[in-house]
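Trainee: Below are the sequence and a predicted model; questions follow.
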Amino acid sequence: MSETEPTRQTVLDLIVEKGPVTAAHLAKILDLTTAAVRRHITALESAQMIAVYETCGHTKRGRGRPARHYVATGKGREGLSEDYSKLASRALGFIEQLAGSDGIDTFAAAHSRDIERRYAPLIKEAGADPRARARALADALTADGYAATVREVGNGGFAVQLCQGNCPVQEVAGEFPQLCEAETQAFSRLLDVHVQRLATLADGEHVCTTSVPVALPTPQILRKPVNVAD
């Protein structure tokens, strides 16, 4: 094994865990130069193990080209938690055989409640501000391996996007989409707003993206003309 391979694998592992992530951020974590990290990124891109992701919101920067954020591709994630995914898929398949789709729905609902129980105390500490609650949820998800971030949409006045760069149950969710639906419902209840899932890793996208409204547009109020007495 060449000396570069362990570092390259570490770069890939970090992109899987923290993506979307920039070369500069990876360099800071690894205590390497950005140029050194970019050499590994170039090799991983050539091997189709990572890809540039630029569509989950926009990061504000000064002058110059926007920073590139990298995420792992399906090829880059191959072998990660493979045994767990196979076991989980077989277990859910067995539930489906015994109880049909209703059994999967019941399991997904229990999964949704488990997400709420685990994260509710952390979200409560964030207060009532939707942005703060979304960030608290992202931090909690990241601690569980989902590599989550919150990004503004446009000027961030009406909505933000919750992005998950990794999903430990991606393969299982691809076979049983009820898990993604249950997670979305849990997010809505935790954030106390109606969220909308825009994309999922399970459907082949690079990142799970959920739109979180943080303010309602001010409605145009139609006023009736006032009758002026003669």
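Mentor: Now that the structure is in, tell me what you want to look at. Numbers count the residues shown, from 1 in each chain.
Trainee: count of neighbours near residue 44?
Mentor: 22 (other Cβ atoms under 10 Å). Yep, even glycine has a C-beta here, placed from its N, CA and C like the rest.
Trainee: so how far is residue 74 from it?
Mentor: 14 Å (Cβ to Cβ, to the nearest Å).
Trainee: what's the lengthiest helix in the chain packed up against?
Mentor: Ranked by residue count and defined by DSSP state H, the top helix of the chain is helix 82-125. Applying 3 or more Cβ pairs under 8 Å, 6 or more residues apart in numbering; DSSP states H and E, one finds that helix 82-125 makes contact with helix 130-143, helix 170-175, helix 178-191.
Trainee: Relative to the helix or strand following the first one, what are the paired strands and their orientations?
Mentor: Counting by DSSP states H and E, the element after helix 130-143 in chain order, helix or strand, is strand 148-152. Neighbouring strands of strand 148-152 in its sheet, by DSSP bridges, are strand 159-164 (antiparallel).
Trainee: what residue is smack in the middle of the protein?
Mentor: residue 164 (1.3 Å; Cα atoms, centre = their mean).
Trainee: hey, what's that one bridged with?
Mentor: residue 148, residue 208.
Trainee: got a list of what it touches?
Mentor: By Cβ atoms under 8 Å, 6 or more residues apart in numbering, the contact set of residue 164 is 141, 146, 147, 148, 201, 207, 208, 209, 210.
Trainee: In terms of pLDDT, where does the fourth one sit?
Mentor: Think residue 148. On pLDDT, residue 148 comes in at 87.
Trainee: among the contacts of residue 164, which two are most distant?
Mentor: 147 and 210 (13.9 Å; Cβ to Cβ).
Trainee: Most neighbours among the contacts of residue 164, please name it.
Mentor: Result: residue 208 is most packed of these (other Cβ under 10 Å), 28 neighbours.
Trainee: correct me, but that residue touches residue 163?
Mentor: Yes: the pair residue 208 / residue 163 is scored as a contact, 7.0 Å apart, by Cβ atoms under 8 Å.
Trainee: excluding its backbone neighbours, what's nearest residue 115?
Mentor: residue 186 (4.0 Å; Cβ to Cβ, 6 or more residues apart in numbering).
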